[in-house]
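Asks: Sequence first, then the predicted structure, then my questions.
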Amino acid sequence: MTALNEDLYKDLRVVPPIINTTTKVRQQVVAITTSSARTNLAALMPGLAGDGALDGQYLDFTADGGNVYLFFNNADAGTIDETATGAGVTVAGAVIFNGQTKPYIVPNGYTWVVAKGSAACNLRIAVSSQPPGRNFGTSLEDM
């Protein structure tokens with residue numbers, strides 16, 4: 001399958017938030033403050049990293065209660081300065097405005113999310129696509 005076809009395939013495999021189980025956490029809410037904080041998605045959503053879900057599935061990120069500035073990192077490091085400009089290491093690569101949702105595919109190995117809010121708020125994270133290669137006939141437990 002070509003890269004374009006794989007992207008189209010994933011776009012057609014959108015799923016709603018599915019209940020968490022004892023073995024897989026498919027949705028999570030992270031408290032965000034006005035200070036930079038780092039969250040490891042692999043630890044936050046157990047059961048997903050082991051089956052490659054953090055490398056190929058879309059995760060929806062929703063800002064709830066304030067704007068959220070963020071970037072992904074491959075280590076427990078980094079801080080955000082939302083006023084920084086240029087290409088410095090503190091520049092936030094994205095901002096999710098309050099009430100908006102952005103889908104991301106977590107780059108391989110970049111499971112750390114560095115985030116900071118414009119106010120105390122929540123960052124809602126939910127798996128929003130099936131893993132590559134699975135179809136709708138697959139049990140929801142396998143997602």
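Replies: All right, it came through fine. Numbering: from 1, shown residues only.
Asks: in this protein, which spans are strands?
Replies: 27-32, 37-40, 58-64, 68-73, 94-96, 101-105, 112-117, 121-127 (DSSP state E).
Asks: Can you check what angle separates the first one from strand 121-127?
Replies: Just to be clear, that refers to strand 27-32. Here strand 27-32 points in a direction 160 degrees away from that of strand 121-127 (axes from the mean of the first three to the mean of the last three CA atoms, to 10 degrees).
Asks: Pull strand 27-32 out as CSV, backbone CA atoms only.
Replies: What follows is strand 27-32, C-alpha atoms only, in CSV (Å, rounded to 0.1, in the frame of the first residue of the first chain):
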residue,chain,number,x,y,z
GLN,A,27,-9.0,7.9,26.4
GLN,A,28,-7.4,10.0,29.1
VAL,A,29,-7.7,13.5,30.5
VAL,A,30,-4.5,15.4,31.5
ALA,A,31,-4.7,18.4,33.8
ILE,A,32,-2.7,21.2,32.2
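Asks: And that strand, what's buried?
Replies: The neighbour-count check on strand 27-32 (16 or more other CB atoms under 10 Å) flags 27-28, 30, 32 as buried. Yep, even glycine has a C-beta here, placed from its N, CA and C like the rest.
Asks: now swap in the fifth one and tell me
Replies: When burial is assessed from 16+ other CB under 10 Å, strand 94-96 yields the following buried residues: 95-96.
Asks: Parallel or antiparallel, which strands does it pair with?
Replies: Next to strand 94-96 in the sheet, as set by DSSP bridges, lie strand 68-73 (antiparallel).
Asks: Can you list the low-confidence ranges for the chain?
Replies: Scanning the chain for pLDDT under 70 picks out 1-13, 22, 47-55, 131-143.
Asks: Quick check, central residue of it?
Replies: Centre of the chain computed as the mean C-alpha position; nearest residue by CA atoms, centre = their mean is residue 59, 4.5 Å away.
Asks: Looks like it contacts residue 103 (just checking).
Replies: Yes - Residue 59 lies in contact with residue 103 (CB atoms under 8 Å); the separation is 7.0 Å.
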